[in-house]
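*Asks:* Below are the sequence and a predicted model for it; my questions follow.
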Amino acid sequence: MNSSRLLEHLAENFSLLRAAVVATDPAAPVPSCSDWTVADLTEHVAKVYLHKVECIRLGAFPDDWPEAIPADPVTALDRYYARLTEIFAAHSPADPAATWHDPDQTVGFWIRRMTHETVIHRVDAELAAGSGVSPIAGDLAFDGVDEMLRLFVGYGSAHWKDDFGSLLEAPDPRPLSVFTGHHAWTLQATPAGVEVQDAATGFDGDALVSGEAEPLLLWLWNRGGDDGVHLTGDKALLEQFHALRAAATQ
């Protein structure tokens, strides 16, 4: 998905996130984020936005916050979302920025990542509000599935092995497929990490996780149940994938 379309989705989902948090008691629990209140969630998103502003401004990861964070989480959220969108507008997606993904050190990486960060936390805020979860656009959900599998399961398992504990010490190397209805990925766990590739068909492994992009995305991020996601094939391989995705999203 191109950056201009991602920025449209960022604006839409930020508006939904903000509407949910201002309509909800700041002390209300967030069902999908253990031990977090709505105030905690709001403050977290605000700080994430500010951190990415600094990654772009400095060209390096900041050692500390550049200023005191406002005590009111919504004030902080508004302030740092404004700065994030301003710095995105001032740069080309190809401009350099410090990121945690070694192959992509660009502003465009953060445009994509902050859009998906906002989507998932918008869902968290709406779950806390209890008013129902707004739909996720199909192209955005598909891109989110791709990002989660490639960056968090694939890249993450190869570069942050401590997060995956013993899961990759002697993994089951048989392939597992993830299928959205029009695209598939094949995942194979190795001691060096999980290899993620585009699949030739919807089922070329020993187990299959399939569903439309939106319920699949929410399931991958532990924000949705099994409704709309179908698990077939080898049970042990499916359990291994469940453990890997849980480690990738902790």
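*Replies:* Alright, I've got the coordinates.
*Asks:* Name the residues of stretch 150-159 that come out as buried.
*Replies:* Within stretch 150-159, the residues scored as buried using 16 or more other Cβ atoms under 10 Å are 150-157. C-beta here means a position set from N, CA and C on the backbone, and glycine is covered the same way.
*Asks:* and that stretch, how far apart are its ends?
*Replies:* Counting by Cα to Cα, to the nearest Å, you get 12 Å between the two ends of stretch 150-159.
*Asks:* How about stretch 91-103?
*Replies:* End to end - Cα to Cα - stretch 91-103 spans 19 Å.
*Asks:* For stretch 185-201, the averaged confidence score.
*Replies:* For stretch 185-201, the mean per-residue pLDDT is 92.
*Asks:* in this protein, which spans are strands?
*Replies:* If DSSP state E is used as the criterion, the strands of the chain fall at 176-179, 184-190, 193-198, 207-211, 229-233.
*Asks:* okay, the ones you listed in CSV with mean neighbour count and distance to residue 97 next?
*Replies:* As requested, these are exported to CSV (neighbours: other Cβ atoms under 10 Å; distance: least, Cβ to Cβ, whole Å):
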stretch, mean neighbour count, distance to residue 97
strand 176-179, 24, 29
strand 184-190, 20, 27
strand 193-198, 18, 24
strand 207-211, 22, 33
strand 229-233, 15, 34
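*Asks:* Switch the ones you listed over to TSV; also include distance to residue 243.
*Replies:* Formatted as TSV, those follow (distance: least, Cβ to Cβ, whole Å):
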stretch	distance to residue 243
strand 176-179	12
strand 184-190	10
strand 193-198	11
strand 207-211	13
strand 229-233	14
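*Asks:* Ok, which of the ones you listed comes nearest residue 102?
*Replies:* Closest of these to residue 102 is strand 193-198, at 13.3 Å (criterion: Cβ to Cβ).
*Asks:* Please name every helix or strand in contact with that closest one.
*Replies:* With contacts taken as 3 or more Cβ pairs under 8 Å, 6 or more residues apart in numbering; DSSP states H and E, strand 193-198 sits against helix 156-159, strand 184-190.
*Asks:* would a markdown table of these with distance to residue 49 be doable?
*Replies:* Shown next, in a markdown table, are these (distance: least, Cβ to Cβ, whole Å):
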| stretch | distance to residue 49 |
| --- | --- |
| helix 156-159 | 22 |
| strand 184-190 | 29 |
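*Asks:* now the protein, which segments are flagged as low pLDDT?
*Replies:* Where the chain drops to pLDDT under 70, the residues are 200-203.
*Asks:* How many residues are close by residue 69?
*Replies:* When counting by other Cβ atoms under 10 Å, one arrives at 15 neighbours for residue 69.
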